[in-house]
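Asks: give me coordinates for this.
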Amino acid sequence: MEQIYTIPVNEAFDKVAEDPSCGCPFCLLYNKLQDDEIEIILGASMMEPDIRIKTNEQGFCRRHFGIMLGRRRMLGMGLILESHLPDVKKRLEGKTLFGSNPKIAAESLSELEHSCYVCGRIKRNLDAMTATAVYLYESDPAFAEKFEKAPYFCLPHYRAMIEYAQGKMNKKLFPEFYKSAYAIQDSYIKTLNEDVSWYCKKFDYRYDEEPWYNSKDSVPRAIKFLSGDFKDE
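Replies: Model (predicted):
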C-alpha cells in the first residue's frame, strides 16, 4: 500500500515515464522541494524564532538569495536580513579573548560562504527521497517497472542514488538494480553523444541541406544530464 512519503517519488517517476522530456525524476523532486522551501521561508516561518536562529547562522547561497529576490517578497527578505546581518558582523569581527583575529574572521566567513539554509533543507529531504526510491525498487515490482522507463538520471543524482543503494540495498538485488540504472544511462548518453555530434556537423557547410533530426536542443540537454536541471526562478 502506498504511504504518504512514497507519493512524491512515485509521482515524479510517473511523470518522466509519461513524458521523457521531463528528464531526471530526482531533478523534478529537487525543484519541487526548492520551490516549497522558498515559499516557506518567505512566509510565516520567517517569524518563527527557531527558524530565524538557523537562517541567521547558516545564511543562504547566492543562487537561493537570487531566487528569493525574484519572488519579490521584499519585506520578508528585509526581515531575514535584519537579523542575519548582525550575525555576519560578528563573523567579520573575528573576536577572541585577545581581541579581533583576522584568521578567525576568514575561517568564519568561509564557513558561511559554504553554508545555505535552503540547500541544507533540500539535501536532507532529497536524500530521504533517494532512499525511498531505492526502497520502492526493492519492495514494489510496479515501481521497478516505472524505474526502468525513466529517460535518464542526471549525473549528480545518479551518483547519489548508486552510492546509497550500494551501501543499503539487499546485496543480492543490488547488481540487478545497478544493471538497470546503468542501462538507462548508457542508452541515453550514446543517443545524446550522437545528437551533439550531429549538432556540431550542422555548422559545416557540407551538412547545410541535411535535417537537424533531434539535435537542435542537444547542448542544453547535455548540460542537464551532466549537472542537473535545477530551476533558478
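
Asks: the helix or strand where R221 lies packs against which elements?
Replies: Assigned by DSSP states H and E, R221 belongs to helix 218-227. With contacts taken as 3 or more Cβ pairs under 8 Å, 6 or more residues apart in numbering; DSSP states H and E, helix 218-227 sits against helix 155-168, helix 174-201. From N, CA and C alone the C-beta is placed, and that goes for glycine too.

Asks: one more pass at 6 Å, please.
Replies: helix 174-201 (3 or more Cβ pairs under 6 Å, 6 or more residues apart in numbering; DSSP states H and E).

Asks: picking that back up, measure how far the helix holding R221 is from the centre of its chain, please.
Replies: Computed by Cα atoms, centre = their mean, to the nearest Å, the chain-centroid distance of helix 218-227 equals 15 Å.

Asks: same question for it, mean pLDDT?
Replies: For helix 218-227, the mean pLDDT works out to 97.

Asks: kindly report the same for stretch 56-65.
Replies: Per-residue scores along stretch 56-65 average to 95.

Asks: same check on stretch 198-214?
Replies: When pLDDT is averaged over stretch 198-214, the result is 95.

Asks: and the end-to-end length of stretch 43-55?
Replies: 14 Å (Cα to Cα, to the nearest Å).

Asks: just the buried positions in it, please.
Replies: By 16 or more other Cβ atoms under 10 Å, the buried positions in stretch 43-55 come out as M46, I51, R52, T55.

Asks: including distance to A165, could those go into JSON lines?
Replies: As requested, the buried residues of stretch 43-55 are exported to JSON lines (distance: Cβ to Cβ, whole Å):
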{"residue": "M46", "distance to A165": "37"}
{"residue": "I51", "distance to A165": "33"}
{"residue": "R52", "distance to A165": "37"}
{"residue": "T55", "distance to A165": "33"}
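
Asks: of the residues you listed, closest to C27?
Replies: T55 (25.2 Å; Cβ to Cβ).

Asks: SS state for that closest one?
Replies: Under DSSP: H, G, I helix; E, B strand; the rest coil, the three-state class of T55 is helix.

Asks: contacts for the helix holding R221?
Replies: Residues from elsewhere that reach helix 218-227 (Cβ atoms under 6 Å, 6 or more residues apart in numbering): G23, Y152, C154, L155, L192, D195, V196, Y199.

Asks: of all the buried residues of stretch 43-55, which comes closest to W212?
Replies: T55 (47.0 Å).

Asks: what sits against the residue nearest to that closest one when sequence neighbours are not counted?
Replies: Nearest non-adjacent residue to T55, counting by Cβ to Cβ, 6 or more residues apart in numbering: Y117, 4.8 Å away. By Cβ under 6 Å, 6+ apart, Y117 lies in contact with K54, T55, Q58, F60.
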